[in-house]
Every structure is written in structure tokens, then in C-alpha cells.
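**Q** need a structure here:
(2 chains)
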Amino acid sequence: MKSVRSLAAGAALVAIAAGWSGAALAQETVTVWFTKGFYKGEDDALLAVVDKFQKATGVKVDLSLYATEDCVTKSVGAVQAGTPPDVGFCTTYDFRTTGQWAFEGKLEDVSDVLEPLKAQIQPQALATTLLMNDKTKKKAYYAFPVQQQMMHITYWKDMLEEAGFKESDIPKGWDGYWDFWCDKVQGALRAKGKRIYAVGHPMGVAASDTFYSFLTFANAFNAKVVDENGKIVLDEPANKAAMVKAVKDYSNIAQRGCTPPSSVNWLDPDNNVAFHNRTTVLTHNATISIAAKHLDDMNNPALTQEQRDQAKKNYYDNIRTAEFPNKPDGSPMTNLAAVKTAVVFADGKNKKRGKEFMAFMMKDENLRPFVEGSVGRWFPTTIEAAKAEFWTGADPHRKIVYKQYTDGTVPFQFVYNYKFTTVNAENVWAKAVNRVVQDKISPEQAVDEMIARIKQIAG
Amino acid sequence: MKKVLDEGKLILIAIPVLIWTLLPIYHLFVLSISTQESMLAGRLWPEKPTLQNFQIVFNQQHYYLTNFWVQLFNSFMIAIATGLITLFIATCAAFAISRLKAPGGRSIMNFALATYLIPAAFLAIPMYKAMGTFGLLNTRVALILAMVALASPYAIWVLKQASDKLPKELDEAAIMDGANSLQLFRLVYLPLMKPSMVVIGIYALLLAWNEYLYAFLLLSSEKAVPLAVGLGLFLSADDAPWNLLMTAGLIYAIPPAVIYYGFRKNMVSGLTAGAVKS
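**A** Numbers count the residues shown, from 1 in each chain, chains lettered A, B, ... in the order given. All right, here's what the predicted structure looks like:
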């Protein structure tokens, strides 16, 4: 009797397994993992692309959407297990894994897809996907530049006015700019009895905002860390001196009490939170998500009319997106851009279709609605999409973003040396700043330690 | 007087511990009744408390809550299935090891327990690979099997300890009356093991209810993941609607709290059942 039951149970399991595999065999499938959009418009645009691709090819797209961190964690796990999807697009791949995967030969060479599209893609965005493969000892295009982000300044215009200043009072020069906010604006608001800090200045070691913000400061001082061949040049006297100034300046905002004391422990959402609750007048952020939140709220039917009206007022009147001030040498700021990359995995079961899917996705009519669905959080990588009315029109925040991109961008160091993904993950930059602010060591000593550690990791 | 002083000392320790424990729950609750504008104002109590967030969550009116009810159902389904399967495996195993003295039973139990020497997070990738090999990825079955695998060793151990406490004379009497092993299991063993089984069932259920890592690794579809993973989507951007996240979190925390308080007497007696050998 027992054996009959065991047989029946076994047969049932086999039948279930057969059912699963049978379903899988029924239609050709391409497996695609994407980061879930923050706004419905992003995912709607993606689903429309998927639908069009399925109709055009007859291939089923098995699409999964993940939260930002889950997406990259799951991808890393899948690559290690040898079972990656065919296509992956997580918005932190560029910071964490794309360069390393390309170096280790985990990605499919997509040069054949990107070469014909070269003229349509912004050159500096395209350049970030030309990556080294240690197996072939050659550089090739191993990723698709889907969208990009950069640092912006966001401030409360109404708080600035409450402090007794106009926007035209804001200096354009580097030192004058930070002195204005830290001394004049904060001073005026404090004089009115308000416990307000001028700047929301990310310094937490665990926050990507910190290294993005810090590297913007380093960029302002022209501190070059690696050359185009990935060789570390930070120890060259001019670069080292510039980095010392950047560390000194970045630390100084905390040392003069211009940012909330808790900012040494901030995680990525915390500068947004401090800004929204009006603890800070200004913050620097790697997208215009702060303003975009109010744009989303003003169109959110789940909120009351009063809440929508307030969100609208915030978006159009109270909150300003601005460029960084000029560099300390007086030249205009060149912004550090992070290009978000989609990849086709070499171990994907249907990578041929994966490449086809991405080629389809990269078409302007497909990519543009996807990028614009983020209501300005991401900027396009194609030339035509960047010129669209969406960016150049009347929107007060997006037109600043457009201007910043057209002013010129520079890539992160990990584009030239993938080991800088580890340098960033370890947040060597934030550690140096915290050594100065909390351990009271000199910026020179902090930079010496920084260089030593960078050489250990990426040398 | 000494008793009063002792109690006073205990209260002095208990109050900070209580505040420390309850503060996050209080924060969760306060954010859940706060509006978008006031949630980050840093007040101890919102100026205008509102149930608007609950309305948005229940009606799935935010984009990240589109699958709220489906995901809540998934959480229930996965947790209950894990609880029942773990209970079945552990009860049978404990009976075989403790009462039937199956050869090698103790070794198997010790081997199973040894798996706890490796943190569950380290087993995630091998488990992912195994499920991929069996073609189970992105099915709830994969998560249930993984959770059963994680819960079973402890469950077997606890039930085996509890089982050891039952008098052997009961088995002997039943056998004398002509009971076979299955009847012994069904008519003698199960009724006596009920309190321990309740606690083990709840343990496995809560383990699966609170699981995040395996759930997001093994499941992909938004309609297949439990609510814990669904809520993780809120952290996709640095401007998360914290009030909605906290509201959904509060709702998600209610079932385990109800289960715990509903069965707390069994929990205490069940947990201590195998603690001391008689």
C-alpha cells in the first residue's frame, strides 16, 4: 500500500514538472529583468514596448520588475549561479557591476547592435559602454546606454525669500556660493529663531549620494583620479593637491555647522527627507526626484484637492532646480553623469533574442516614452530625445536639467577602471571626509589614506 | 520592603526596554496616520491624523500597491503551506526518531541541525541554483520548499525533544492492545504532541511570513511575490511615500501579532516542552 502511495506521489510530481517544462517549451521566450519604474508611466511605456516586440516577433517576453537594490542583488546571484536572464536593466548596474561583468566576460558583445545606432546616441553616453573584456583583451560595446543621471542643486525658493534674499542674490562663484547659503541664508533664518540648516550635505558612508556628491566636488577642483586607460593618477602632485582641496571644502560645510549633524550617518533618502520637512534649504541630489515627487503628487487622484494644489505650488513656485556654481577656477562646471546600462548576458538562454529585444528597445519611439515616463528623473541618451519639447519646454525643472547636460558631462572613474565600483561601494571618499570631520585629521592625511586604499583596491 | 525595592528595580529596567521596543511600532503607527506633508515634520503626534493612507492602501490607489491584495494572499498562502508541510515533516520525523527509534535517525537529525551552522543567506545562491535546476524558479512552490528546508531541522529537533518526554508505557500499552505504528502515531502520539505542534506550526508560518531574501530571489512576477517583497518596491527611489509604506507595513504586521497572541499559551508551553528531560 505504502509503495503504491509513493508511486502515486512520484507520478504526480513528475506530471507537475512535465507540465512546467511543457509550458516553457510551448513558446519561445526571452527573459528580461528591469528595475521597476518609480512612476506608472515608466512601466506603462516598457509594457508597451514588450507588447509591440511580442507582436512583431512572436517571442514571449518574460518580464520581471524589481526594486532598485533587489534588482542588482538578484542579478549578481543569478550570474553567479549561471542562470542569468537574457536581458538585464537595473539602474545601479553601472555603479556596481557592468564594468566587472564585461571584464570577466559575463556579457555579450553588443557592438553589432550599437554600431549602426552610433549616430543617434550622445557620444559621451555611448563612450561609457565601451568596456574592456579581459578574456578577449579588447574593448567593445558590452552595454546599452538607456538613460542617465547627474547631480543637481535643489532649493526652497520660499525659504530663501523668508531669509530676506532673492534668487538673483545667489553668487555664481564656488566659494561665494557656499558662503552665501551657509552664512547669509542660514544666519538670517537662525536669527528668526528657526533651527534650520542651509545645506543637506550627504556624508554617510553607506549612501551612494555621498560619493556622487563628493566626486562632484572633486570634479569642481579638477582632481583627476584615473586616466582613460584606467591608470590611477590621483597621486600626481596636481591631482593630489586638488583632491585635498575637495576634501577640505566638502568637510568644511559640516565643520561650520551648515548641514544637520545627522548627515554623517545619512542614507540615500535622508537628504530628500530633510529637504521635504524643511530642515534644510538646499540639497544636492543625483536626480530631480525631489521636485518630481511634487509633480507626481499634483496629479495623484488619491490625494485631496488641497494636497494636489500644494504640490503644484511646490513644483512650480516653491522649489527650484539649479546648476552647481562655477568651479573654483571660475570655469563652468562640467557635470559628472552616470549612464544607466542594460546588458545582454553571455550565459542567457536566449541571448540572440535578448539582443533583438534591446535593439528594439533602443529605437527612439520605444526608448523615449520609457525615459520620459520618469517625469525628469532620468535624462535620455539619444540625441533626438534630448532635444524634445519635454526637456526644452516650459517645465522649470527639466529645462535646467537639459542645460546641465548640454553644458557637458564627464564619466565616473569606473568607466575606465571597473575596480572603482568597489572603491565607490567601500565609499573611500566618504571615509576620507569623515576622517576629517569626525576624527579631526588633516585633509592631507585623509587624502594620503584615500590614495593608499584606492591603490590597494584598483591599482 | 525588599520586595518593593526589587520590583522597583525591575520596573526601572522594564520601562526603558518597553519604550525601546515600542518606539519603532509607535513610529510606524504615527506615520501611517500622517499626511504626505506632515509625515516628515518630526512631530510626536500628527497635527491632523488621517485614515487616508489606509484608504489608499485598501483601494490599491498607489502605483506600488497595485497588487496589494494578491501579494497579501501570497503571503498567507506561502506561510500556511510552509507551516503545514514543516509540521507534517517534523512530526513524522520526530515520531520515527523518538518513538520508533529508526536506525540512523539521530544522526540525520544532527546533520539537519548542522545546516544551521551556515547562515541562511549563504545558502541563498545554492538554493537559487537548485531551484533553477528543477525548473521551479518563479513559482511559489520554490519558496515554500526553501522555507520548509530552513524550518524543518529546528522543528524536528523541538518535536523530538518533546516526544522524548512522553512516557514509553503509553506506546507499550497501545501495542499490547494491538495498535500498529500508524495507529500509534494517529491515536496516541498526535493528541499528546498537540501543544508542541502548534508552536512549531506557528514558528514555521512566521518564518515564511517574515522572509524577504529567499522570496525576492526565488520569485520574480509581481503577482507571485509575497507582500514583504512587494513593499520593497517602495524603496526603488529615494523619495518613497513613507506614510503608505508604513501603513501597508502596519497591516502586514497585524496577522503575526494576532497569531502570536491567539496562541501565546501554546507558544510558552510548546517552547518549554522539550527543554528539560524528565
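
**Q** what strands line up against the longest strand along chain A, and which way round?
**A** Longest strand of chain A, by residue count under DSSP state E: strand A:335-344. Sheet pairing for strand A:335-344, assigned by DSSP bridges, gives strand A:87-89 (antiparallel), strand A:144-150 (antiparallel), strand A:409-411 (parallel).

**Q** winner for burial among these?
**A** Highest mean neighbour count among the strands paired with strand A:335-344 (mean count of other Cβ atoms under 10 Å in any protein chain shown): strand A:87-89, with a mean of 28. For glycine as for every other residue, the C-beta is placed from the backbone atoms N, C-alpha and C.

**Q** ok, and what's touching that one?
**A** Contacts with strand A:87-89, where a contact means Cβ atoms under 8 Å, 6 or more residues apart in numbering or on different chains, come from A:30-35, A:71, A:75, A:144, A:146, A:340-345, A:348, A:354, A:357-358.

**Q** next SSE downstream of it?
**A** helix A:93-96 (DSSP states H and E).

**Q** is stretch A:381-401 in proximity to chain B?
**A** No: against chain B, stretch A:381-401 shows no contacts by Cβ under 8 Å from any Cβ of the partner chain, the least distance being 13.6 Å.

**Q** and A:S213, helix, strand or coil?
**A** Assigned by DSSP: H, G, I helix; E, B strand; the rest coil, the conformation of A:S213 is helix.

**Q** quick one, what contacts it?
**A** Taking Cβ under 8 Å, 6+ apart, one finds A:M151, A:H201, A:P202, A:Y250, A:H284, A:A286 in contact with A:S213.

**Q** pLDDT wise, what is the second one at?
**A** Read it as A:H201. Per-residue pLDDT puts A:H201 at 97.

**Q** pipe the strands paired with strand A:335-344 into a markdown table and attach mean pLDDT per row.
**A** Listed next are the strands paired with strand A:335-344 as a markdown table, based on pLDDT from 0 to 100:
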| stretch | mean pLDDT |
| --- | --- |
| strand A:87-89 | 97 |
| strand A:144-150 | 96 |
| strand A:409-411 | 92 |
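
**Q** which of those strands sits closest to A:K312?
**A** strand A:144-150 (24.7 Å; Cβ to Cβ).

**Q** which parts of the stretch 151-300 of chain A sit against chain B?
**A** So far as Cβ under 8 Å from any Cβ goes, the stretch 151-300 of chain A lies against chain B at A:209, A:268-269, A:271-273, A:276-277, A:279, A:285, A:289-290, A:292-293, A:297.

**Q** out of those residues, which is nearest to A:K224?
**A** Looking across those and measuring by Cβ to Cβ, the closest to A:K224 is A:D209, at 22.4 Å.

**Q** so that closest one is in which element?
**A** Short version, using DSSP H and E: A:D209 is in helix A:208-220.

**Q** report the angle between that helix and strand A:335-344.
**A** 130 degrees (axes from the mean of the first three to the mean of the last three Cα atoms, to 10 degrees).

**Q** next SSE downstream of helix A:208-220?
**A** As assigned by DSSP H and E, the chain's next helix or strand after helix A:208-220 is helix A:237-255.

**Q** could you pull out the buried residues of whichever helix or strand comes after that next one?
**A** Using DSSP H and E, the helix or strand that follows helix A:237-255 towards the C-terminus is helix A:268-276. Within helix A:268-276, the residues scored as buried using 16 or more other Cβ atoms under 10 Å in any protein chain shown are A:D268, A:P269, A:D270, A:N271, A:N272, A:V273, A:A274, A:F275, A:H276.

**Q** dump those into TSV; add distance to A:W156 as well.
**A** Output for the buried residues of helix A:268-276, formatted as TSV (distance: Cβ to Cβ, whole Å):
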residue	distance to A:W156
A:D268	20
A:P269	18
A:D270	17
A:N271	13
A:N272	13
A:V273	14
A:A274	11
A:F275	8
A:H276	10
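
**Q** if I look at B:T50, how far off is chain A?
**A** From B:T50 across to chain A, the span is 9 Å (Cβ to the nearest Cβ, to the nearest Å).

**Q** quick one on the thing from earlier: how about the buried residues of helix A:268-276 in JSON lines, adding pLDDT and distance to B:A204?
**A** JSON lines is the format used below for the buried residues of helix A:268-276 (pLDDT from 0 to 100; distance: Cβ to Cβ, whole Å):
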{"residue": "A:D268", "pLDDT": "85", "distance to B:A204": "35"}
{"residue": "A:P269", "pLDDT": "84", "distance to B:A204": "34"}
{"residue": "A:D270", "pLDDT": "88", "distance to B:A204": "37"}
{"residue": "A:N271", "pLDDT": "91", "distance to B:A204": "41"}
{"residue": "A:N272", "pLDDT": "89", "distance to B:A204": "39"}
{"residue": "A:V273", "pLDDT": "86", "distance to B:A204": "37"}
{"residue": "A:A274", "pLDDT": "90", "distance to B:A204": "42"}
{"residue": "A:F275", "pLDDT": "93", "distance to B:A204": "44"}
{"residue": "A:H276", "pLDDT": "89", "distance to B:A204": "41"}
